[in-house]
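Enquirer: Provided below are the primary sequence and the corresponding predicted coordinates.
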Amino acid sequence: MRMLHTSDWHLGRSFHRVSMLQAQRDFIQHLVRTVHEREVEAVLVAGDVYDRAVPPLAAIELFDDALHQLAHCGVPTILISGNHDSARRLGVASGLIRQAGVHLRTDPAQCGTPILLPDAHGDVAFYGLPYLEPHLARAAVGADRARHTAVLGAAMDRVRADLATRPAGTRSVVLAHAFVAGGAGSDSERDITVGGVAAVPTAVFDGVDYVALGHLHGCQRITERVRYSGSPLAYSFSEANHRKSMWLIDLDATGAVHAERLDCPVPRPLARIAGRLDDLLTNPRYEPHEDSWVEATLTDPARPREPMARLVRRFPHILSLAFAPERTEEAAHASYAQRLRGRTDQQIAEDFVTHVRAGRAADPEERGVLSDVFDEVRAAAGHEHAGADGGTPDEGAGASGRRPRVPGMRAADAGRARPGGDGAAEVAR
C-alpha cells in the first residue's frame, strides 16, 4: 500500500498579515500531481485542515476544490480533525462524501472503527483518531482521567481491540493529532497543554504498523513507524530552517515501512537577520535574503530613526521588526540592586529614560527638566515635614501654605515623595 502522509494545511491562515491562500492553492495542486505521478493509493491528512473553527469562505471553497480533485483521482482520502478545526463542522456530510472515497473521521467514538482498504496483499485497516481534547473526549473513549496520555491510550486500546478481531496479517495505520514525546515544536502551533502535560509517550501507539501524525509543523521521524509530516507551508519565522515536505510511505506485505520524503513548493523563503541597522543595509552577506520574507532584529544601542522605512528599501518583503539593543556583559548580568547602588535620584531617572527609549539617553534639556522636578519634589516633601513638626511654610509654599504642584504629578504622588532615593521612583511613575 502506497500512502501519502500530510497534515496541518491550516487553510485560511495568513503569514504576518500576508494572505497564504494562493500558496495553499499551489500546494493542493502539487499534492494532486504527486498522487498521479507517484501512483499513490491512499492520501492521509492528519488534522488541522483549517486554521480556525469557523474558517473564511475562501478557505472552505479551497477545501471543497481539494476534495473534488482527490475524489476525481479515484484515490481514497482519509482525514481527521485537529485542534484548530471544529470537529462537528468539519464532519458535516461525512456520510455522504464517503461515497466519493473521502473518509472524514471527527468523532472520538469512532476511533475503534477502521476504514478498510484492500491491496494485493490483503486489507489495510486505517484508524482515524481526531484531536482528543481530554475533558471533552474522556467519556467517549472511556478514559479514566482527563489527560492526553489517558484519552489517547484509551482510544488506542479500542484500536488494538478491533485489530485483534481482524484476520491474521491485517496491516494497520493510525492517523492521530497529538504532541508525541521527542517531537520538536515551533512558534506557530497552538498550545494543547492540559494539567501541565501535553506530550504523550510513543509507546501509546504500540501494536500498529504506521502512525501518521499531525500537530507539529516540522517534518520529523519519531521512530521508523511514527512520523510527523509537518505543515506544507511555514506559518512562523521559527520555521525558517524547516524543509517543508510530505511522507510517501510504502507498506509492504509484512507491514514493514519504507519512507521517502517529498518536498513541497516554497512560495518565498524565510530569513531571520540580526545586527545594527547600517550593517543590515550595506553588508553583501544579506543579498540572498533581499527577496525573502524577512524578520529583522536591530541590535543598535539606540533605536535608529525610521528603521522599517529604511529596511524596506533593501528588503521589500520584510514583515517583522524587533529590537534587542546590545548590552555589555557586565550590564547583562548585574542585578537591579547592583545597577542602582551608589547612584543619585537624577542618575536613576536618567537611566530609566535611556532604558525605555532603547538606549537613547536624555539630552541636556531633558536632564534639566528632571533636575527641576526633583528640586520641586524635595521642596514639597520638606514643607510637608516642616508642617508636621509645627514649623512654618517655607518660601516655596507661598502665602497660602499649600505645597507646590510638580508638573505632570498628582498631589498625592508628591506627598509620598521622600528625599534620599524615593524621588526617582515618583518621577519615573
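Expert: Yep, it's here. Residues are numbered from 1 along each chain as shown.

Enquirer: Could you give the average pLDDT over the helix or strand where residue 123 lies?
Expert: Using DSSP states H and E, residue 123 falls within strand 122-129. On average, the pLDDT along strand 122-129 is 97.

Enquirer: Paired strands for that strand, with orientation please.
Expert: In the sheet, strand 122-129 lines up against strand 115-119 (antiparallel), strand 171-177 (parallel) (DSSP bridges).

Enquirer: Please point out which parts of that strand sit buried.
Expert: For strand 122-129, the neighbour count (16 or more other Cβ atoms under 10 Å) marks 123-129 as buried. Every C-beta, even on glycine, is put in place using the N, C-alpha and C of the backbone.

Enquirer: do stretch 357-366 as well
Expert: Buried positions in stretch 357-366, judged by neighbour count with 16+ other Cβ under 10 Å: residue 362.

Enquirer: How much space separates residue 130 from residue 46?
Expert: Shown here: residue 130 relative to residue 46, a distance of 10 Å by Cβ to Cβ, to the nearest Å.

Enquirer: Can you pull the residues that touch both of these two?
Expert: The contact sets of residue 130 and residue 46 overlap at 80, 82, 177 (Cβ atoms under 8 Å, 6 or more residues apart in numbering).

Enquirer: okay if I get the buried residues of strand 122-129 as JSON lines plus distance to residue 345?
Expert: Shown next, in JSON lines, are the buried residues of strand 122-129 (distance: Cβ to Cβ, whole Å):
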{"residue": "123", "distance to residue 345": "81"}
{"residue": "124", "distance to residue 345": "76"}
{"residue": "125", "distance to residue 345": "75"}
{"residue": "126", "distance to residue 345": "71"}
{"residue": "127", "distance to residue 345": "69"}
{"residue": "128", "distance to residue 345": "67"}
{"residue": "129", "distance to residue 345": "63"}
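
Enquirer: Strands along the stretch 201-350 of the chain, start to end?
Expert: In the stretch 201-350 of the chain, the segments counted as strands under DSSP state E, counting those that start in this stretch are 210-214, 220-221, 226-228, 245-251, 257-263, 270-275, 293-298, 318-323.

Enquirer: For the residue nearest to residue 9 when sequence neighbours are not counted, give its distance to residue 88.
Expert: Once flanking residues are discounted, residue 9 sits nearest to residue 49: 5.5 Å by Cβ to Cβ, 6 or more residues apart in numbering. Going from residue 49 to residue 88 by Cβ to Cβ gives 14 Å.

Enquirer: So those two - more neighbours on which side?
Expert: Neighbour count, other Cβ atoms under 10 Å: between residue 49 and residue 88, residue 49 has more, with 26 against 11.

Enquirer: I'd say the more buried one and residue 77 touch.
Expert: No: using Cβ atoms under 8 Å as the test, residue 49 is too far from residue 77 to be in contact (11.1 Å).

Enquirer: Stretch 356-372 - what's its average pLDDT?
Expert: The average pLDDT for stretch 356-372 rounds to 80.

Enquirer: Enumerate every residue touching residue 3.
Expert: Residue 3 makes contact with 40-44, 173, 210, 212, 248-251 under the criterion Cβ under 8 Å, 6+ apart.

Enquirer: Mind picking the one among those residues that's closest to residue 145?
Expert: Relative to residue 145, the closest of those is residue 212; by Cβ to Cβ it sits at 25.9 Å.

Enquirer: gap between the closest one and residue 245?
Expert: Distance from residue 212 to residue 245, by Cβ to Cβ: 14 Å.

Enquirer: wait, what's in contact with the nearest residue to residue 53 once chain neighbours are set aside?
Expert: Of all residues not flanking residue 53 in the chain, residue 86 sits nearest, at 3.8 Å (Cβ to Cβ, 6+ apart). Shown in contact with residue 86 (Cβ under 8 Å, 6+ apart): 50, 53-54.

Enquirer: who wins for neighbours among these?
Expert: Neighbour counts for those peak at residue 50, which has 24 neighbours (criterion: other Cβ under 10 Å).

Enquirer: okay, that residue: pLDDT?
Expert: The model's pLDDT for residue 50 equals 96.

Enquirer: about what we covered before: tell me the residues that contact both of residue 49 and residue 88, please.
Expert: Counting by Cβ under 8 Å, 6+ apart, nothing touches both residue 49 and residue 88.

Enquirer: related to what we said a few turns ago, from the strands paired with strand 122-129, which stretch is densest packed?
Expert: Of all the strands paired with strand 122-129, strand 171-177 carries the top mean neighbour count, a mean of 26, counting by mean count of other Cβ atoms under 10 Å.

Enquirer: List just the nearest of the shared contacts of residue 130 and residue 46 to residue 95.
Expert: Nearest member of those to residue 95, counting by Cβ to Cβ, is residue 80, at 15.9 Å.

Enquirer: All the helices of this protein, residue numbers only.
Expert: Using DSSP state H, the helices of the chain run over 21-37, 57-73, 87-90, 94-97, 134-141, 148-163, 277-282, 307-314, 329-333, 336-340, 345-356, 364-388, 411-416, 422-428.

Enquirer: Name the residues that touch the second one?
Expert: Defining contact as Cβ under 8 Å, 6+ apart, one finds that helix 57-73 is touched by 11-12, 21, 24-25, 28, 31-32, 35-36, 43, 49-51, 55, 77, 97, 100-102.

Enquirer: Give me the mean pLDDT for that helix.
Expert: Average pLDDT, helix 57-73: 95.

Enquirer: got the CA coordinates for that helix in PDB?
Expert: Output of helix 57-73 as PDB, limited to C-alpha atoms (Å, rounded to 0.1, in the frame of the first residue of the first chain):
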ATOM      1  CA  LEU A  57     -15.400  31.300   2.900                       C
ATOM      2  CA  ALA A  58     -12.300  31.300   0.600                       C
ATOM      3  CA  ALA A  59     -10.700  28.500   2.800                       C
ATOM      4  CA  ILE A  60     -13.900  26.400   2.600                       C
ATOM      5  CA  GLU A  61     -14.000  26.800  -1.200                       C
ATOM      6  CA  LEU A  62     -10.400  25.700  -1.400                       C
ATOM      7  CA  PHE A  63     -11.000  22.600   0.700                       C
ATOM      8  CA  ASP A  64     -14.100  21.800  -1.400                       C
ATOM      9  CA  ASP A  65     -12.000  22.000  -4.500                       C
ATOM     10  CA  ALA A  66      -9.300  19.800  -3.000                       C
ATOM     11  CA  LEU A  67     -11.800  17.100  -2.100                       C
ATOM     12  CA  HIS A  68     -13.300  17.200  -5.600                       C
ATOM     13  CA  GLN A  69      -9.800  16.800  -7.200                       C
ATOM     14  CA  LEU A  70      -8.900  14.000  -4.900                       C
ATOM     15  CA  ALA A  71     -12.200  12.200  -5.500                       C
ATOM     16  CA  HIS A  72     -11.700  12.700  -9.300                       C
ATOM     17  CA  CYS A  73      -8.300  10.900  -8.900                       C
END
